[in-house]
Every structure is written in C-alpha cells, then in structure tokens.
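A.B. asks: take a look and give me a structure for this.
(chains A and B)
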Amino acid sequence: GAVVSQHPSWVICKSGTSVKIECRSLDFQATTMFWYRQFPKQSLMLMATSNEGSKATYEQGVEKDKFLINHASLTLSTLTVTSAHPEDSSFYICSALGTGGLLADTQYFGPGTRLTVL
Amino acid sequence: AQSVTQLGSHVSVSEGALVLLRCNYSSSVPPYLFWYVQYPNQGLQLLLKYTSAATLVKGINGFEAEFKKSETSFHLTKPSAHMSDAAEYFCAVSFTLRDDKIIFGKGTRLHILP
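C.D. replies: Residues are numbered from 1 along each chain as shown, chains lettered A, B, ... in the order given. Just a heads-up that it's a prediction; the model follows:
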C-alpha cells in the first residue's frame, strides 16, 4: 500500500514552453500533497504544499505564477512549470500525506520527474 | 529554527562492515526525526521514524537509529552492510507528528566496497 506515482518520469522541453507533471496516490486518498525540487547532489527543497480543493501554499522564494499547482481530487495533484527555462531543469518529487489508519500522518514519496529544459 | 546536519557527504564501508551515518539536529521543540533512502533517479523511501515512543527505532532493511537528546543526535546504523545498501541517505526533522514541513539534511552517499 501507500504507492505514489508521477508522470512523466522524465521530460525534455524547449525553453519557453510549459510542462505539466502529475502526482497520484494510487491506493489511498491524500488531502495534502507536497512538491519538492532537488538539484544534483543536493537535498530536497519544499516548493509548495497542495491541499485538495484549495489554493496551494508556496514556500518563500517560489514563484507561484511560474509553478502552478492544482489539487483537483483526493488522488491527483499537478505541477505545471510555465514558460520553462534552463534554470528550471531539476528533479521534481512529490509526496502524499497519508490519512487514516496506519498511513496517517506519514509522507509517501513519488519516484520523481526529471525535467530538462533546453 | 529547526535543522539537521549530516556529517560526511560520502561514506564508504566494506561489505559486511558496520554502517554508521551521522545526523545531528537542532530544534526548539521536541523533534520528530526521519531517515530516508534514495536510490538513483528514484524518490525517497522511509527507513524509519522517531516519534518519541522509544529512543531506539528499528526500520526496514536492518537499519536502526537511536535518538540521543543529550547529544542532539539521531545516527543511523546497520550491523552488516550489503551491496544493495549503496544509495543516498537523508536525515530529516519535522515540527509535528503530522509529517508536514519536513526539513531535510543535505544527504550522505553511502558506498559499499566489495
């Protein structure tokens, strides 16, 4: 149980285009999901907290107009990188916060999406 | 402010030897502490989690960690390293039991020598 998937696993795009990354909790519902960014050989940095049915909460320094987050259902959150530039190239990881029973209050991480902007 | 410091960005041990990955934390409130493992190009997998129930926490894959308040440490150990343990390990701290706002350390790359 507690599997989180991300799609796509990797994507290459041209500068100026937008890219959408999906994060799904496959076997549990998650009212809260998180989006992280990881640069090579560095730690994860929290970008934003996504709450189902409400606006995402962004961490300081993260441009909410550039990184659009939508959490339209209890099993899906999407991150759209708008007008991507090479400096947005990174590894994006999502997590879903378990609710209820043994899954409660624990973050389950997706496998990540490697974004390369040319 | 809460933070974690992982000592050593790279650690090498021989197969079969003791694994010790060091983590020290800073917190103004009782912390919740985690160890995660990340294999190349993959997300994070929770190894173990300290929630104040017991100072010695046993996790998956034979790993365990001991919470030492006096030393503000939460070091990760495994008695005998296996080749499959080669990965990046992250120590992390949270303000609340609910697991939100996890703050990660910079990670330690564990290399296993044959």
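A.B. asks: quick check: the spatially closest residue to A:Thr82 that is not a sequence neighbour vs A:Val117, distance?
C.D. replies: The shortest distance from A:Thr82 to any residue other than its chain neighbours is 4.7 Å, reached at A:Ser18 (CB to CB, 6 or more residues apart in numbering or on different chains). Quick note: C-beta positions are derived from backbone N, CA and C, even for glycine. Separation of A:Ser18 from A:Val117 (CB to CB, to the nearest Å): 11 Å.
A.B. asks: higher neighbour count, those two?
C.D. replies: More crowded of A:Ser18 and A:Val117, by other CB atoms under 10 Å in any protein chain shown: A:Val117, with 20 against 12.
A.B. asks: who is that one paired with across the strands?
C.D. replies: With DSSP bridges applied, A:Val117 shows beta-bridge pairing to A:Cys13.
A.B. asks: so how far is chain B from it?
C.D. replies: Separation of A:Val117 from chain B (CB to the nearest CB, to the nearest Å) stands at 18 Å.
A.B. asks: which ones are touching that residue?
C.D. replies: A:Val117 makes contacts with A:Ile12, A:Cys13, A:Lys14, A:Ser15, A:Ala84, A:His85, A:Pro86, A:Glu87, A:Asp88, A:Ser89, as judged by CB atoms under 8 Å, 6 or more residues apart in numbering or on different chains.
A.B. asks: so the fifth one makes contact with A:Val19?
C.D. replies: Right, A:Ala84. Yes - A:Ala84 lies in contact with A:Val19 (CB atoms under 8 Å); the separation is 5.7 Å.
A.B. asks: the spatially most central residue of chain B: what's it in contact with?
C.D. replies: With distances taken as CA atoms, centre = their mean, B:Trp35 lies nearest the centre of chain B, 3.3 Å away. Contact analysis of B:Trp35 by CB under 8 Å, 6+ apart lists B:21, B:23, B:46-48, B:59, B:63, B:65, B:74, B:76, B:89-92.
A.B. asks: sitting in strands, which of the residues you listed do you find?
C.D. replies: Residues of the contacts of B:Trp35 located in strands (DSSP state E): B:Leu21, B:Cys23, B:Leu46, B:Leu47, B:Leu48, B:Ala65, B:Phe74, B:Leu76, B:Tyr89, B:Phe90, B:Cys91, B:Ala92.
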